[in-house]
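Asks: I would like the atomic coordinates for the input below:
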Amino acid sequence: QVQLVESGGGLVQAGTSLRLSCAASGSIFSIDAMGWYRQAPGKQRELVASITSGGSTNYADSVKGRFTISRDNTKNTVYLQMNSLKPEDTAVYYCTAPSVVVAGTWVHVEVWGQGTLVTVSS
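Replies: You can find the predicted model right below:
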C-alpha cells in the first residue's frame, strides 16, 4: 500500500512562516501530481497548491505570492513553504497524490494524508 505522512504543522503568530512536508512511502512505481488541500472549521476542503511531476505549479488566489510548493522526486516528498501567514490560513492541511502507480502493477491509486493542523494567531 501507499501512504502519505504530513509533518510541520503547529501554532504560529501572524506574519511568520511555516514549512509543511509530506512524504510518500510504500509500493510506489511513480507519482504524478501532488498537492495540498486545507479545511478550516465549518468550511469545505479547498485546494491550496499543486505540482506536477515535471514541476509545474498551481496556487489558490488566496495564497499566491505567500506560499510555495515544491517537491523532491527522489524522496517522493512534497513541501509547502508558507510565508506571511494570516489567521485565515488556520486549517487542517492535507497532502494528496491523485494518481500513484503501485509498483509491479498498472494500478493507479489516489492517496490522502491524515492531515496536519496549522493554527495562526493574530
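Asks: among the helices and strands of the protein, which one scores worst on average pLDDT?
Replies: Considering only helices and strands, the least confidently modelled element of the chain by mean pLDDT, DSSP states H and E is strand 28-31, at a mean of 93.
Asks: what's next to that strand, contact-wise?
Replies: By CB atoms under 8 Å, 6 or more residues apart in numbering, the residues outside strand 28-31 that reach it are 2, 24, 53, 73, 76, 97, 99-105. (Each C-beta comes from the backbone N, C-alpha and C, glycine too.)
Asks: Just want the most central residue of the protein.
Replies: The residue lying closest to the centre of the chain (CA atoms, centre = their mean) is W36, at 2.9 Å.
Asks: what's in contact with the helix or strand just after the least confident helix or strand of the chain?
Replies: Following strand 28-31 in sequence order, the next helix or strand is strand 34-39 (DSSP states H and E). Outside of strand 34-39, the residues within contact range by CB under 8 Å, 6+ apart are 20, 22, 24, 45-51, 69, 71, 78, 80, 89, 91-98, 115, 118.
Asks: Give me the subset of those lying in strands.
Replies: Taking DSSP state E, the ones among these that sit in strands are 20, 22, 24, 46-51, 69, 71, 78, 80, 91-98, 118.
Asks: Run a quick neighbour tally on A91.
Replies: Taking other CB atoms under 10 Å as the criterion, the count of residues near A91 is 22.
Asks: hang on, the earlier thing: as CSV, the contacts of strand 28-31 with secondary structure and pLDDT would be great.
Replies: As requested, the contacts of strand 28-31 are arranged in CSV below (DSSP: H, G, I helix; E, B strand; the rest coil; pLDDT from 0 to 100):
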residue, secondary structure, pLDDT
V2, strand, 94
A24, strand, 97
S53, coil, 93
N73, coil, 94
N76, coil, 95
A97, strand, 96
S99, strand, 92
V100, strand, 93
V101, strand, 93
V102, strand, 94
A103, coil, 93
G104, coil, 90
T105, coil, 90
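Asks: What is the nearest of these to P41?
Replies: Among the contacts of strand 28-31, A97 lies closest to P41 (CB to CB), at 25.3 Å.
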